[in-house]
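Student: Sequence and computational prediction follow.
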Amino acid sequence: MILGLVVLTVEAFFPGGYLLIPGAILVIVGAYGYAAPDNFYTMWTPVVAIISAVPVTAATVFLYKRLGSPEVPSTTVSDSLIGKEGTVVVGISPGNIKGKVKIGSDTWSAEADEDIPAGTAVVVDHSEGVHVHVVRK
């Protein structure tokens with residue numbers, strides 16, 4: 001029972017290892033040993049462990065699903081950047097995409113119809129693939 005409580009404590013501090021299952025089973029088997037000490041070293045102890053494993057496993061899987069419900073992965077599509085403001089981090093020159101613009105926390109390759117120095121505020125005019133076309137703000 002003590003080992004089960006230790007395993008449950010470890011799971012509480014480092015969640016996600018599915019240690020709830022063996023920890024709970026060890027606690028249940030330990031409680032069975034306290035309740036029926038004469039039967040502890042018989043064939044009934046593994047039976048109790050196996051029978052308790054099914055509901056404990058089902059409850060643990062249900063609990064983890066509730067705690068970590070999946071979210072749709074967040075991705076940035078270049079078309080969603082149109083109209084967003086950013087700052088030039090690498091100067092932009094017409095005709096090449098060596099310029100870089102920081103929009104939010106992401107840095108994008110950028111082009112423009114004029115020279116735009118680093119540090120200038122810009123707005124995304126349109127996008128093509130993985131780079132954006134910007135204009136001065």
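Tutor: Right, received. Where do you want to start? Numbering: from 1, shown residues only.
Student: what residues go with each domain of the chain?
Tutor: Taking automatic domain parsing as the reference, the chain has its domains at 2-67, 78-136.
Student: out of the ones you listed, deepest packed?
Tutor: Each of the domains of the chain was scored by mean neighbour count; the highest is domain 78-136, a mean of 16, by mean count of other C-beta atoms under 10 Å. Yep, even glycine has a C-beta here, placed from its N, CA and C like the rest.
Student: The helix ranked longest in the chain packs against which elements?
Tutor: Ranked by number of residues, the top helix in the chain under DSSP state H is helix 44-67. For helix 44-67, the elements it packs on are helix 20-35, judged by 3 or more C-beta pairs under 8 Å, 6 or more residues apart in numbering; DSSP states H and E.
Student: Please list the residues outside the helix it packs on that contact it.
Tutor: 1-8, 10-11, 39-40, 44-45, 48-49, 52-53, 56-57, 60, 63 (C-beta atoms under 8 Å, 6 or more residues apart in numbering).
Student: Centre of the chain to it, how far?
Tutor: 32 Å (C-alpha atoms, centre = their mean, to the nearest Å).
Student: before we move on, back to that, please work out the angle formed by the directions of the longest helix of the chain and helix 20-35.
Tutor: 140 degrees (axes from the mean of the first three to the mean of the last three C-alpha atoms, to 10 degrees).
Student: what's downstream of helix 44-67, the next helix or strand?
Tutor: Next along the chain after helix 44-67, taking DSSP states H and E as the criterion, comes strand 85-90.
Student: Return the list of helices and strands in contact with that next one.
Tutor: Here strand 85-90 touches strand 99-103, strand 106-111, strand 121-128, going by 3+ C-beta pairs under 8 Å, 6+ apart.
Student: Just put these in TSV and tack on distance to G33 and mean pLDDT.
Tutor: Listed next are the helices and strands packed on strand 85-90 as TSV, based on distance: least, C-beta to C-beta, whole Å; pLDDT from 0 to 100:
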stretch	distance to G33	mean pLDDT
strand 99-103	62	94
strand 106-111	57	91
strand 121-128	66	92
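Student: Good, wrapping up.
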